[in-house]
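Asks: Build me a model from this:
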Amino acid sequence: MGATRRKSKETAFHLPKEAIAFFKGLEANNSKAWFDVHRDDYLEHVLEPLKFLVMALGAAFTRKIPGIVADPRVNGSIFRINRDTRFSRDKSPYKTQAGVYLWIGPGEKLACPGFYFEIGPRHVSLGSGTYMFADSAIGAYRRYVSEKGNRLATAIRKAEKAGFELGGEKLKRVPSGFDPAHKHAELLKHKGLYVMKALPTKTVTSGDLAGWLTAEFTKTLDVLKVLKEASVSG
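Replies: As a prediction, the model looks like this:
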């Protein structure tokens, strides 16, 4: 029992308060000059903990969700901190938050169902779902909702009872070919669908972050499983 307790303490971790301080500083000084001076802070207090988090979450969910991708690299499960400013009026070079994504499926990761976690200067966000359905998958999703929408609705209600909120871009009208009066007409309108919640940053600067996120994501697991089923329903 003692060894188990020691192992639990060794594997438990949280994001250091220095990570929050880094993002607050970056928000106030979003420039390459400032970032270069504080690059080591980013590497030590943000990037390294997020790598560990991705591996810990991957280990926690690999049996529950066979095939889940947990890639502890930048541009893998960890999003780049550099912004793409080519088509944006905002030329700030860096994002003022960091995000990780564990997904299911061989396609573009944000078009696949998955778990998302984000940390910024004042809050953290976490959620499960599909940010935007791929053109090749949207038809399967709509057919699934048309025929088995009760499963998705039940999964969403379960997540909502745990404090998550439904989100995702939607069409203004039910898509052509589906009954506008369908019981799940609102779900048919979704172009992306996920459940999310936001909490203060202090939530992740103490205790066991990986353990807490595992418990939170487990509350949304049914949403992920239904979206995975819908994506292969044809």
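Asks: Longest helix in the protein, please.
Replies: helix 135-161 (DSSP state H).
Asks: Show me what it is packed up against.
Replies: Using 3 or more C-beta pairs under 8 Å, 6 or more residues apart in numbering; DSSP states H and E as the contact definition, the elements that helix 135-161 packs against are strand 165-167, helix 185-188, strand 193-200, helix 221-231. Yep, even glycine has a C-beta here, placed from its N, CA and C like the rest.
Asks: buried ones in that helix?
Replies: For helix 135-161, the buried set under the neighbour-count rule, 16 or more other C-beta atoms under 10 Å, comprises 137-138, 140-146, 149, 151-153, 155-156, 158-159.
Asks: What average pLDDT does that helix get?
Replies: Summarised as a single mean, pLDDT over helix 135-161 is 96.
Asks: Centre of the chain to that helix, how far?
Replies: Distance of helix 135-161 from its chain centroid, counting by C-alpha atoms, centre = their mean, to the nearest Å, is 18 Å.
Asks: Strand 193-200 and that helix, what's the angle between them?
Replies: 50 degrees (axes from the mean of the first three to the mean of the last three C-alpha atoms, to 10 degrees).
Asks: what's the angle between helix 135-161 and helix 221-231?
Replies: Computed with the same axes, to 10 degrees, the direction of helix 135-161 lies at 160 degrees from that of helix 221-231.
Asks: Point to the residue nearest the middle of this structure.
Replies: Tyr116 (0.9 Å; C-alpha atoms, centre = their mean).
Asks: Just read off the phi/psi values of that residue.
Replies: Listed backbone geometry of Tyr116 is phi -130, psi 140, with angles given as degrees, to the nearest 10.
Asks: May I have the beta-bridge partners of it?
Replies: The partner list for Tyr116 in beta bridges (DSSP bridges) reads Tyr101, Gly127.
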